[in-house]
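In: following is a predicted model, sequence given first.
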Amino acid sequence: MRRAALALLVVACGGGHVTPADGGRDASASADAASDAPVDAAPDAAGPPAMLALSGAIVPVHDPSIIATAAGYYLFATGQGLRAFHSADLRAWVADGAVFAAKPAWITTTPASDPNNLWAPDISFFGGQYHLYYAASSFGSNASCIGHATSPSLSPATWTDHGAVICSTASDNWNALDPAAHVDGAGQAWLAFGSFWGGLKLIPLAADGSRAGSDFYALATRANTAVEAPYLVSRGGWYYLFESVDYCCQGVNSTYKVMVGRAPAITGPYVDAQGTALLAGGGTLVVQGDARWKGPGHDAVLETATGDFHVYHSYDAQNGGAPTLRIGELRWSADGWPLAAGP
């Protein structure tokens, strides 16, 4: 999510993903946690990856994060109080209002002109409960905070806010935005985050989802600093770091695209398919815009027992540049790199 000032902002821009019992993720102790997605979401095993035909509440959707449960699919996005959605089949979407009626009282980093606009929610499940991380900031500022709320269920959700996990200030060369949770193969939870400034970072989490200790790892950066929205996936002995690079939030003028690198350890170092480190500006292209769908980015990966799906927003040139939910099948090449349907 673009955090520097932009003249053509069209929507508040904005993380990440621990899905129940998949890829080292924990599905215990929740009535609606599921070991895999409903079978009607299964991708077509034949042919190249395809985009899903979506309907319902898919515009405007910005910075989507998604999870599958036995009760269906739940998606959260940037907006007033954090916007919530659900779907029975991953294709037809219904709006569920907002997570918060107003911003939590501890937040002081949103502008007075738009105090309840919260960004880049990330939904995950570990330790027997659902975790929702989110960002509170204003454009052009790295005086930012990542908040944390939990709920025992999503059907219905009863969110309890736990305050800030980590905050950045103007004196920091990093930005506490775009959170994305991931549980590694040893059961340790982590939070990736970052937007512009010094790039993408990683911290360990405690079992309850709060920050654990003071460790702070650098994951990726770029020469123009235009990198944000990390998302971590573990697969085949590798950790994959998806990143959104260049510029969002300018409607049809957006240049966002998704890149990826991988590492044998969650802390890195991440390299692209050519061996260039993401800390040196590397990245293998996953998806970029076309004539209609501009600036695809701020992605998440929905991992299911029947196949994976790539979830993100793009700006629709046939609808005034409106940020629109996009979901496509995600395949993996023989040498282990993601192949997206996009944009």
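Out: Nice, I can see it. No experiment lies behind these values; they were computed from the predicted model shown. Numbering: from 1, shown residues only.
In: direction included, what does whichever strand or helix holds Phe242 pair against?
Out: If you go by DSSP states H and E, Phe242 is part of strand 238-245. Strand 238-245 pairs in its sheet with strand 227-235 (antiparallel), strand 257-263 (antiparallel), by DSSP bridges.
In: and the ones you listed, which is most packed in?
Out: strand 227-235 (a mean of 26; mean count of other Cβ atoms under 10 Å). Glycine gets a C-beta too; all of them are placed from N, C-alpha and C.
In: restrict that strand to CA atoms and write it as PDB.
Out: What follows is strand 227-235, C-alpha atoms only, in PDB (Å, rounded to 0.1, in the frame of the first residue of the first chain):
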ATOM      1  CA  VAL A 227       8.000  -2.200  -2.100                       C
ATOM      2  CA  GLU A 228       5.300  -3.200   0.400                       C
ATOM      3  CA  ALA A 229       2.600  -5.700   1.300                       C
ATOM      4  CA  PRO A 230       4.600  -8.800   2.100                       C
ATOM      5  CA  TYR A 231       2.900 -12.200   2.000                       C
ATOM      6  CA  LEU A 232       4.600 -15.500   3.100                       C
ATOM      7  CA  VAL A 233       3.900 -19.000   1.800                       C
ATOM      8  CA  SER A 234       5.700 -22.200   2.800                       C
ATOM      9  CA  ARG A 235       5.900 -24.900   0.200                       C
END
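In: now that strand: average pLDDT?
Out: Mean pLDDT, computed over strand 227-235, is 98.
In: nearest to Thr276, of the strands paired with strand 238-245?
Out: Among those, strand 257-263 comes nearest to Thr276, with 8.2 Å by Cβ to Cβ.
In: just checking: what are the partner strands of the helix or strand that comes right after that closest one?
Out: Using DSSP H and E, the helix or strand that follows strand 257-263 in sequence is strand 284-287. The pairing partners recorded for strand 284-287 under DSSP bridges are strand 257-263 (antiparallel).
In: off-centre distance for the strand it pairs with?
Out: 13 Å (Cα atoms, centre = their mean, to the nearest Å).
In: got the CA coordinates for it in PDB?
Out: Output of strand 257-263 as PDB, limited to C-alpha atoms (Å, rounded to 0.1, in the frame of the first residue of the first chain):
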ATOM      1  CA  LYS A 257       2.700  -5.500  -9.700                       C
ATOM      2  CA  VAL A 258       3.500  -8.600  -7.600                       C
ATOM      3  CA  MET A 259       7.000 -10.100  -7.400                       C
ATOM      4  CA  VAL A 260       8.300 -13.100  -5.400                       C
ATOM      5  CA  GLY A 261      11.500 -14.600  -4.000                       C
ATOM      6  CA  ARG A 262      12.200 -17.600  -1.800                       C
ATOM      7  CA  ALA A 263      14.500 -18.700   1.000                       C
END
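In: can you tell me what sits against that strand?
Out: 220, 238-246, 269-272, 277-278, 282-289, 295-297, 299, 312, 336-338, 340, 342 (Cβ atoms under 8 Å, 6 or more residues apart in numbering).
In: and for stretch 231-240?
Out: Contacts of stretch 231-240 (Cβ under 8 Å, 6+ apart): 15-17, 23-24, 180, 182, 184-185, 190, 192, 241-243, 260-266, 270, 299-301, 303, 332, 336, 338.
In: same thing but at 6 Å, please
Out: 16, 23-24, 180, 182, 192, 242, 260, 262-263, 266, 299-301, 336 (Cβ atoms under 6 Å, 6 or more residues apart in numbering).
In: buried subset of these as a PyMOL selection?
Out: Remark: buried members of these, expressed as a PyMOL selection using 16 or more other Cβ atoms under 10 Å:
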select buried, resi 16+23+180+182+192+242+260+262+263+266+299+300+301
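In: list just the nearest of the contacts of stretch 231-240 to Ser55.
Out: Among the contacts of stretch 231-240, and counting by Cβ to Cβ, the member closest to Ser55 is Ala300, at 19.7 Å.
In: circling back: closest one to Trp159 among the strands paired with strand 238-245?
Out: So among these, strand 227-235 is nearest, using Cβ to Cβ, at 22.1 Å.
In: how about low-confidence regions in the stretch 1-150 of the chain?
Out: By pLDDT under 70, the low-scoring segments of the stretch 1-150 of the chain are 1-46.
In: am I right that Ala105 is in a helix?
Out: No - per DSSP: H, G, I helix; E, B strand; the rest coil, Ala105 lies outside any helix segment and is coil.
In: Ala136 versus that one, what's the distance?
Out: The spacing between Ala105 and Ala136, counted by Cβ to Cβ, to the nearest Å, is 12 Å.
In: neighbour-wise, which of those two wins?
Out: Ala136 (26 against 8; other Cβ atoms under 10 Å).
In: what's opposite the more buried one in the beta bridge?
Out: Cys145.
In: check contacts around it.
Out: Per Cβ under 6 Å, 6+ apart, neighbours of Ala136: 107, 109-110, 118, 145.
In: would you turn the strands paired with strand 238-245 into TSV with distance to Ala206?
Out: Below are the strands paired with strand 238-245 laid out as TSV (distance: least, Cβ to Cβ, whole Å):
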stretch	distance to Ala206
strand 227-235	18
strand 257-263	23
